[in-house]
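# How does the following fold in three dimensions:
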Amino acid sequence: MNHTTVKEFILLGLTDDHRLQVFLFLFLLMTFSLTITGNLVIITITLVDRRLHTAMYFFIRNFALLEIFFSSTIMPRFLYSLLKGWKAIPFASCLLQNFFFFFLGTCGFFHVAMMSFDRYMAICYPLQYATIMNSRACLLLVLGCWVVSFVMMFPPGVIFAQLPFCGPNVINHFYCDAPPLLQLVCADTRNMELMCIITAVITLLSTLTVTFVSYSHIISTILHMPSSTSRKRAFSTCSAHLMVVAILYGTSIFTYIRPTQRGGQKYDKITSLSYTVVTQVFNPYIYSLRNKQVKEALKDGWNRRFSKMQLS
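Numbering: from 1, shown residues only. Prediction:
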């Protein structure tokens with residue numbers, strides 16, 4: 001019977017302990033605020049400072065905008081739930097949250113691969129870099145990430161919206177993730193589970209391959225640098241990037257590439273926190289704010305603002 005009688009879902013969240021909920025609210029509010037603030041700083045400084053009008057910072061600026069959208073898909077609603085104890089979410093809102101989570105998440109993986117390729121071109125082919133990674137090529141790459149992600153996620157999203165939900169409506173998660181939602185479908189979901197796994201494999205493994213190959217060549221090039229100081233600085237940057245990549249891909253592969261998509265276990269919620277909260281708050285710092293050029297741009301911007309305040 002292809003019909004839906006469920007009008008809303010109940011998200012159980014992470015815990016029923018009131019004291020732990022207070023701690024979670026404060027912790028998540030702080031991390032969400034840091035994520036939004038850090039990414040807004042990156043967007044602003046890369047737009048204002050002409051020294052940062054390069055291909056690398058163009059990609060980083062778009063990635064920062066994407067991170068704001070992705071974090072805003074889940075955190076505001078979950079924070080409100082923790083504050084008010086309101087666990088219900090309308091049926092349509094739940095499916096929209098699910099779609100945008102996977103659409104923006106997929107776009108994020110393509111952006112990570114794209115930035116890895118950009119660093120590969122800059123380090124391994126410095127003389128040809130400016131010619132190859134021109135403004136038109138950068139714009140096409142960014143648009144390609146968005147378009148390909150939407151094309152990949154739209155058909156599963158439409159099919160998911162047509163599945164019948166006619167009974168239980170309790171989701172053992174803190175957002176509308178696909179695996180626990182599939183537990184509530186009143187029909188055979190094997191085809192949908194297979195589609196989810198295939199989409200996840202294509203997204204995760206293809207972007208991981210690009211990232212892995214790019215950083216392999218980068219590390220090989222770094223090892224041949226004559227200056228030990230340059231090698232140390234480059235390895236410091238690469239190791240930070242690879243740490244984020246390892247957490248992001250490791251938890252995502254564990255969650256979405258496995259024999260069954262019927263999740264909802266406690267460890268699924270814990271691993272979800274790592275790529276919805278932990279990597280989001282570290283990304284602005286690791287990819288941009290620890291960069292020497294960005295630090296100089298921020299320092300100059302602050303000095304100009306401070307001078308204007310003194311004159312006024």
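# buried sites along stretch 217-233?
217-218, 222 (16 or more other C-beta atoms under 10 Å). Glycine gets a C-beta too; all of them are placed from N, C-alpha and C.
# mind putting these in a markdown table, distance to Ala187 and secondary structure included?
Below are the buried residues of stretch 217-233 laid out as a markdown table (distance: C-beta to C-beta, whole Å; DSSP: H, G, I helix; E, B strand; the rest coil):
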| residue | distance to Ala187 | secondary structure |
| --- | --- | --- |
| His217 | 47 | helix |
| Ile218 | 47 | helix |
| Ile222 | 53 | helix |
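# from these, which single one is nearest Tyr267?
Set against Tyr267, the nearest of those by C-beta to C-beta is Ile218 (33.1 Å).
# give me every residue that touches the closest one.
Ile218 is in contact with 119-120, 123-124, 234, 238, counting by C-beta atoms under 8 Å, 6 or more residues apart in numbering.
# One more pass at 6 Å, please.
Listed by C-beta atoms under 6 Å, 6 or more residues apart in numbering, the contact set of Ile218 reads 120, 123.
# how many other residues sit next to Met121?
20 (other C-beta atoms under 10 Å).
# now the one 3 residues further on
As a burial measure, Cys124 scores 15 neighbours (other C-beta under 10 Å).
# I figured it hits Ile219, correct?
No. The pair Cys124 / Ile219 is not scored as a contact, 10.6 Å apart, by C-beta atoms under 6 Å.
# re earlier: out of the buried residues of stretch 217-233, which is nearest to Met30?
Of all those, Ile218 has the smallest distance to Met30: 33.3 Å, by C-beta to C-beta.
# Relative to Ser116, how far out is the closest one?
Noted for Ile218: a distance of 8 Å to Ser116, by C-beta to C-beta, to the nearest Å.
# Over to Asn134?
From Asn134 across to Ser116, the span is 19 Å (C-beta to C-beta).
# who has more neighbours, those two?
Per other C-beta under 10 Å, whichever of Asn134 and Ser116 has more neighbours is Ser116, with 23 against 12.
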